[in-house]
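Q: Sequence first, predicted model second:
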Amino acid sequence: MDKPASNLGLPPRPRKLRTWFRASAPVALLSLIAACNANLGAFDDSDSSVSPDGAGAGVGGPGAGGSGATGSGSGGNNQSGSGSSSSQGGGATIPPAEVGGITIEGSPKHFRVVRLTHEQWEKSVRDLLKLPQEPGLASTFFPDPKGGALFSNNEEGLYVTDTLASDYERAAQTVADNVTKDSTALARLGNANNPDALIQELGTKAHKRPLTTEEVAEYRALWNLAPELLPDMSPFAGGARIFLEALLQSPYFVHRVVLADDGARLSGPELAAKVSYLLFDSLPSDELLAAAQTGALDTNAGLAAKVEELLDSDEAMASIRRFFNEYYGLDREANVVKDETAFPNFTEATAIALRDADVRFFDFIYNSDGGVRDIFLSTVGFANQQIASIYGVNVNGNQLQQVDLGADRPGFLTRAGFLAVNGTLKQPDPIHRGVDINRKMLCAILDPPPGVIPPIPAPKAGQTNREAITELTGEGVCGECHNGTINPPGFALESFDAIGKARTMDNGKPIDTTGTFAKIPGNPAFEGPKDMAKIIADSETAHACFSARLAEYALMRGVSGNDKDLVESLMKQSHDSDASIKELILALVQSPAFTNAKTGN
């Protein structure tokens, strides 16, 4: 494949690339924007503009492929911006695969040019320009689309609309202006009065690879226009002003770009960028980029050694937190409300504490080298005075403290945050508890409910919540899914009320927590939450599900039947050898699915 040579790093293809200057009053300012009329990742010459309409990809996703999907690109047709959002959709269907009782299906696009998320843009600008904090401009950007993907870093949702291209332009102008008019901020960049050194240093960081000779010359030519266009600024500050505005709109800054040939190992800088945006949500550090340029990432041994160093950093911890948050929907817990009469002590502060406690729980699992079994079996919990009574522990103060919740509270499924978010205002909600367990823990593909869903009624006099739910879901079409698949794991948690507090009686009757698992091979029976948690923890299904989700997050794309060997290998390491989550990540980043370029758009 040809290497980038000109147009500020745009791939040297017949792309009808253009740059232009635009003056704005009262002082003529340079606005350089390289615009493409097709998705940079597709490397085609199509002039069509396609909206994102492909079906969702991933484990348990709603079908595979699509007749066209917008790829990642920056800018838009006939608009000022960096790149383009047009794409030729890839609709090829990849046959699904079965691993450990789950179905892997999807048609990832393997885009070669993937836009940064807004969070990644913020952190990249901060780290590039050595700012004390993030610029805080992404909140004004066109929002990142939710799409059908589970994770926010999925390639499918990371394209650029014309509106976002304008947002990038405006932000580049603001940041460049702020930095170059602040002597302290400008001094932090270093290389005072040495434009060539500054262009090399910042250009290499922003492009995530060394600049070509042509790129250096183009940036230098822009810098040299400062006396004419910005006569009121010093030559160095004015040149830096123009250079930074152009740099922050370069396609190589606002995207993560892969130029390696199909099937070939990514270059060192490409791997450094992929690792850095996975673990840090930002540009590769000077140390990581230097390691890449000296060949330290050219072997799996070198790559693993470097990643292992990074996995214990605070920055990596933030990425791991986002994985668990987006996977299990932890932020939902902070918004839980309950009936004030039934639960007068349940406040907004209670809900926030439940969420924060679950965040700390997953922090503990990760930092203590825990694995999938620990997610379902650990009795470690976190509580403060807001939620201590729910767990039946003695804790004072607002600070969360680590506590042992005892054998009757194994794992995440018995944590009050999970139980409360899957509860009604007054009652436990075994339907939604069962749906969450099936979908999130077992990657079960559940059919959508037919027709209008009736509200869950309050139990009648002398009727337990389980009896009311059984009566509601009943026989027929609803009963096929509910009675065999959805309700049983939810019923196992009936010993916890709507806010997750333990109980033994319901409406004057003993709680019934027995059932069987339809989505685990052998339909194992359980007596209650402890049994259920052990069955899940010991099943290949749960380990396969977690492995597929982790792969989806680490690869930053949906997984498909082509990823069967990878998911199966991760499942076996987790299920058979109790591999820690850190060890699974290390295995993932050494897999060809991570290290090699894939045939795709």
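A: Structure's in. What do you need?
Q: Flag the shaky bits of the stretch 401-550 of the chain, pLDDT-wise.
A: Along the stretch 401-550 of the chain, segments meeting pLDDT under 70 span 452, 476-477, 479-480.
Q: Correction: the previous question concerned the chain.
A: Applying pLDDT under 70 to the chain flags residues 1-92, 147-148, 452, 476-477, 479-480, 600-601.
Q: all strands for it, in order.
A: Remark: strands assigned in the chain by DSSP state E are 97-99, 102-104, 113-115, 255-257, 380-383, 401-404, 505-506, 509-510, 515-516, 525-526.
Q: So what's the gap between the second one and the chain middle?
A: So that's strand 102-104. Per C-alpha atoms, centre = their mean, to the nearest Å, the displacement of strand 102-104 from the mean C-alpha position of its chain is 20 Å.
Q: Please apply the same query to the fifth one.
A: When C-alpha coordinates are averaged (C-alpha atoms, centre = their mean), strand 380-383 and its chain have centres 25 Å apart.
Q: What of the fourth one?
A: The chain centroid and the centroid of strand 255-257 are separated by 16 Å under C-alpha atoms, centre = their mean.
Q: Partner strands of it, with direction?
A: Strand 255-257 pairs in its sheet with strand 113-115 (antiparallel), by DSSP bridges.
Q: ok, back up a step: could you say which of the strands of the chain is packed most deeply?
A: Mean neighbour count (mean count of other C-beta atoms under 10 Å) peaks for strand 113-115 among the strands of the chain, with a mean of 29. Where you see a C-beta, it was placed from the backbone N, CA and C, and this is true even at glycine.
Q: centre of the chain versus that one, how much separation?
A: Relative to its chain's centre, strand 113-115 lies at 14 Å (C-alpha atoms, centre = their mean).
Q: what do you get for stretch 371-387?
A: Using C-alpha atoms, centre = their mean, the offset of stretch 371-387 from its chain centre is 23 Å.
Q: got the end-to-end distance for it?
A: Start-to-end span of stretch 371-387 (C-alpha to C-alpha, to the nearest Å) is 26 Å.
Q: That one: which residues count as buried?
A: Buried residues in stretch 371-387, counted by 16 or more other C-beta atoms under 10 Å: 371-378, 380-384, 386-387.
Q: the helices in the stretch 151-300 of the chain, which residues?
A: Per DSSP state H, counting those that start in this stretch, the stretch 151-300 of the chain carries helices over the ranges 162-180, 183-188, 195-207, 213-223, 226-229, 235-247, 251-254, 268-279, 286-293, 300-310.
Q: of those, which approaches residue 553 most closely?
A: With distances scored as C-beta to C-beta, the stretch of the helices of the stretch 151-300 of the chain nearest to residue 553 is helix 268-279 (8.1 Å).
Q: Reformat the strands of the chain into TSV and put distance to residue 181 next to each item.
A: Below are the strands of the chain laid out as TSV (distance: least, C-beta to C-beta, whole Å):
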stretch	distance to residue 181
strand 97-99	56
strand 102-104	53
strand 113-115	29
strand 255-257	28
strand 380-383	46
strand 401-404	47
strand 505-506	67
strand 509-510	72
strand 515-516	66
strand 525-526	66
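Q: that older thread, of the buried residues of stretch 371-387, which is the nearest to residue 590?
A: Proximity of the buried residues of stretch 371-387 to residue 590 (C-beta to C-beta) peaks at residue 371, which lies at 17.8 Å.
Q: For residue 501, give me its contacts.
A: Residue 501 sits next to 389, 390, 392, 416 when contact means C-beta atoms under 8 Å, 6 or more residues apart in numbering.
Q: Report the separation between the second one and residue 345.
A: This means residue 390. Residue 390 sits 9 Å away from residue 345, going by C-beta to C-beta, to the nearest Å.
Q: So for those two, which sits in the more crowded spot?
A: Between residue 390 and residue 345, residue 390 has the larger neighbour count (other C-beta atoms under 10 Å), namely 26 against 12.
Q: got a list of what that one touches?
A: For residue 390, the contact set (C-beta under 8 Å, 6+ apart) comprises 383, 416, 499, 500, 501.
Q: Same question for residue 506.
A: Neighbouring residues of residue 506 by C-beta under 8 Å, 6+ apart: 459, 464, 465, 466, 494.
Q: tell me which of these is nearest to residue 270?
A: residue 494 (51.2 Å).
Q: Now do the helices in the stretch 451-600 of the chain.
A: Counting by DSSP H, counting those that start in this stretch, the helices of the stretch 451-600 of the chain are 465-473, 476-481, 487-491, 529-538, 540-555, 564-577, 581-589, 592-595.
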